[in-house]
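[1] How does the following fold in three dimensions:
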Amino acid sequence: MVPTSTRLQPVRVIAFLSVFIIGSIVFLAFALKPSFLFTDSRPLTGIDPYVTFRQAPIDFDTLRAGDLIVRMGRSFFSDRLRKYSKRDKRYSHCSLVTKGRDGKSYVFHSIGGSDNPDQVVRCDSVFTFLNPEDVSGFAVYRYQLPSRQIHSMDSIARQYYREKRMFDMKFDLDDDERLYCAEFVYKVLLYATGNLEIVNLSRQGEKLYVGVDDLYLNNLTQKLFEHEYH
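    Predicted coordinates:
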């Protein structure tokens, strides 16, 4: 007769391995945070996000270099950022349109965090910037400036992109080498126009900063389009 302890040994090994494997899967889920488990507030509609994007009644390729696009992010971090706007708290991020050699519209923007590990100014397609999986809505504004200044805006934005200007984690408006998202647009406007009062800055105590809403709630901009994904 086989001793009881010997008969139970394979069962104990299998049980131990099962617990170990399950525990490992749970650990990896929380350590790696795959997007299919941690979706923030993204809609789980099962619809191709590009289809939702294309349903917005606007031809993005008709936009001009220098146009401003602001977006509503779905993440917790985006929700925190929009609170720094004093007057219009809907939008958490911004970009400037540029035109590619193919005639299509792209955007320059400065972004940090896990969305941009390199922390340098990016040039993305409009779809990437406004992907419905990450964004709930957006608006487009046009600066009413002379064409030479608009051209200068695009040239400066391209220069910052080529130089790989870093994202400013300290949100220091006095440092041109690192630029947070609204500061990127503000500095492009500032140096393209030479107007130190081109945008009215926001204030937190003694600290001046650029809120996303400061970039379009002024006499320089015309709203072209506004849209929320459904």
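[2] After the helix or strand hosting A157, which helix or strand is next?
    Using DSSP states H and E, A157 falls within helix 147-162. Sequence order places helix 181-193 as the next helix or strand after helix 147-162, per DSSP H and E.
[3] Let me know the average pLDDT across that following helix.
    Averaged across helix 181-193, the pLDDT comes to 98.
[4] Now do that helix: which elements does it pack against?
    strand 93-99, strand 105-109, helix 147-162 (3 or more CB pairs under 8 Å, 6 or more residues apart in numbering; DSSP states H and E). In short, each C-beta sits where N, CA and C put it, glycine included.
[5] For the most centrally placed residue in the chain, give me the pLDDT.
    Residue closest to the average C-alpha location in the chain (CA atoms, centre = their mean): H93, at 5.5 Å. At H93, the model reports a pLDDT of 96.
[6] Could I get the full set of strands for this protein?
    Remark: strands assigned in the chain by DSSP state E are 68-73, 93-99, 105-109, 122-125, 135-143, 202-204, 207-209, 221-228.
[7] Which residues does the fifth one contact?
    Identification of contacts with strand 135-143 by CB atoms under 8 Å, 6 or more residues apart in numbering yields 58, 63-64, 66-74, 90-91, 129-130, 150, 153, 189, 215-216, 220-229.
[8] What subset of those is buried?
    63, 66-74, 90-91, 129-130, 150, 153, 189, 215-216, 220-221, 224-225, 229 (16 or more other CB atoms under 10 Å).
[9] who touches stretch 80-90?
    Contact partners of stretch 80-90, identified using CB under 8 Å, 6+ apart, comprise 72-73, 91-93, 137, 202, 204, 209, 211-214, 217.
[10] Can you tell me which of those residues is closest to N195?
    For the contacts of stretch 80-90, the closest approach to N195 (CB to CB) belongs to D214, at 14.1 Å.
[11] quick one, domains of the protein?
    1-38, 49-228 (automatic domain parsing).
[12] Could you identify which of the ones you listed is most buried?
    Greatest average neighbour count among the domains of the chain goes to domain 49-228 (a mean of 17), per mean count of other CB atoms under 10 Å.
[13] Widest-spaced pair of the contacts of stretch 80-90?
    Distance extremes for the contacts of stretch 80-90: the farthest pair is G137 and Q204 at 25.8 Å, using CB to CB.
[14] I'd say the residue nearest to the centre of the chain and C181 touch.
    Yes - in this structure, H93 is within contact of C181 by CB atoms under 8 Å, at 5.4 Å.
[15] Now do the shared contacts for these two.
    Contacts common to H93 and C181, judged by CB under 8 Å, 6+ apart, are 109, 111, 212.
[16] Is D124 in contact with S110, as I believe?
    No - using CB under 8 Å, D124 makes no contact with S110, being 11.6 Å away.
[17] quick one: which of the domains of the chain has the weakest pLDDT on average?
    Lowest mean pLDDT within the domains of the chain: domain 1-38, a mean of 38.
[18] what's the spacing between stretch 111-131 and its chain's center?
    Distance, stretch centre to chain centre, for stretch 111-131: 6 Å (CA atoms, centre = their mean, to the nearest Å).
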